[in-house]
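Undergrad: Turn this into a model:
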Amino acid sequence: MNKNKITLTGTIMNMANFCKYIPNPIVTFDLQVFRRKKKNEIEPKFDLVPIVVFNDEEFHKKFKNGDRLKVIGELQSRNYTIDNYAVNEQLENAVTNYVDLFENVPSRQVPMNKKREMVEWSHLIDTGLIPTIPKDSLFLENGQKSSESKDKYVYRIDKDMILYKETQHVAYEVIIDKGYEKLEVPLNIDKGDLNIAELTGRVTKKNSYKNRSNYYSTSINVETKSTILPNRTFYSNAFIWEYEKLSKSKEIQVNDRISLKGRLQSRDYTKEISIRKKTLSGNKKKLIILKTFTTREISISNYTLSNKYK
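TA: Numbering: from 1, shown residues only. Model (predicted):
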């Protein structure tokens with residue numbers, strides 16, 4: 001059994017007045033989904049959930065920002081890359097010198113068209129152009145992935161021999177295809193919006209830890225197959241908080257089939273990053289900025305386990 005169903009009510013925000021084609025028509029906007037107001041809160045919290053509407057060229061004409069909407073769709077995970085981080089000048093020079101000396105590229109394959117290829121560090125080390133692998137490289141000299149991924153980067157080269165530092169990120173969006181209806185009833189700010197997430201799929205990852213308040217936290221990643229986008233597989237993060245003495249999530253294992261129900265929520269985190277930017281004169285400039293990223297995950301209220309995937 002496979003299930004990926006997200007049911008939300010909320011207010012349309014940040015919708016453009018045009019339709020995109022990629023090649024199928026899509027319209028995108030954010031849905032402002034209010035949480036249930038807590039007793040000690042002056043203003044209730046809300047989540048901004050990115051929505052992608054497929055196959056409706058007239059959606060942006062039928063609805064407008066501020067309209068209330070109910071949507072039923074799937075939680076999509078989509079990878080994207082950030083690649084404008086500042087690169088150490090010594091590494092840039094090493095790549096340039098290698099190309100000049102050997103008329104070849106220090107990568108396993110030659111970059112073609114828009115595709116970038118990963119740097120093969122052994123080429124630069126064996127020729128004495130760099131003493132060792134950069135400490136912030138995600139991949140080691142033998143091509144193996146480092147056991148630590150925090151503050152690590154993938155180094156790639158393009159066809160113009162430009163060296164890039166990249167990080168991989170995941171965007172989470174709710175995709176819908178005709179699964180929506182306009183709401184005429186105004187929001188009850190004390191009760192909040194409808195927010196139901198239901199997944200049934202394979203557990204691909206699991207991490208657990210105990211905090212100081214004797215609560216036990218378990219985070220998992222669940223694999224589901226899309227019914228809206230053929231041949232697409234999504235990977236969704238979910239977590240559960242339990243009192244340690246009553247914890248049942250310890251029984252969850254990788255490759256278990258899990259059926260869970262909960263609430264989709266967003267969480268922001270900030271990182272200080274070094275980026276490179278070209279000035280009007282064409283020179284490279286290094287800037288230190290704070291960048292905010294948003295991840296979305298399911299807060300589990302209940303779940304059941306069945307047999308492992310075969």
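Undergrad: For stretch 239-255, buried residues please.
TA: Judged by neighbour count (16 or more other C-beta atoms under 10 Å), stretch 239-255 contains these buried residues: 239, 240, 247, 249, 252. Quick note: C-beta positions are derived from backbone N, CA and C, even for glycine.
Undergrad: Which residues are in contact with the first one?
TA: By C-beta atoms under 8 Å, 6 or more residues apart in numbering, the residues touching residue 239 are 217, 218, 219, 220, 297, 298, 299, 300.
Undergrad: which two in these are spaced the farthest apart?
TA: Within these, 217 and 298 form the most distant pair, 13.7 Å apart (C-beta to C-beta).
Undergrad: Of these two, give the one with the bigger neighbour count.
TA: A direct count of neighbours by other C-beta atoms under 10 Å for residue 217 and residue 298 places residue 298 higher, at 24 against 16.
Undergrad: From what I see, that one and residue 258 are in contact.
TA: No. Residue 298 is not in contact with residue 258 according to C-beta atoms under 8 Å; the separation is 11.2 Å.
Undergrad: Look at the closest residue to residue 149 other than its chain neighbours and say how many residues are nearby.
TA: Among residues not flanking residue 149 along the chain, residue 138 sits closest, at 6.5 Å (C-beta to C-beta, 6 or more residues apart in numbering). Residue 138 has 19 neighbours, counted by other C-beta under 10 Å.
Undergrad: Among the buried residues of stretch 239-255, name the ones in strands.
TA: Among the buried residues of stretch 239-255, the members found in strands (DSSP state E) are 239, 240.
Undergrad: could the buried residues of stretch 239-255 go into JSON lines alongside pLDDT and distance to residue 142?
TA: Output for the buried residues of stretch 239-255, formatted as JSON lines (pLDDT from 0 to 100; distance: C-beta to C-beta, whole Å):
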{"residue": "239", "pLDDT": "93", "distance to residue 142": "34"}
{"residue": "240", "pLDDT": "90", "distance to residue 142": "38"}
{"residue": "247", "pLDDT": "73", "distance to residue 142": "39"}
{"residue": "249", "pLDDT": "83", "distance to residue 142": "36"}
{"residue": "252", "pLDDT": "90", "distance to residue 142": "33"}
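Undergrad: Next, give me the two most distant ones among the buried residues of stretch 239-255.
TA: Using C-beta to C-beta, the two most remote members of the buried residues of stretch 239-255 are 239 and 247, lying 12.9 Å apart.
Undergrad: Quick check: neighbours shared by the two?
TA: Common contacts of residue 239 and residue 247, defined by C-beta under 8 Å, 6+ apart, comprise residue 218.
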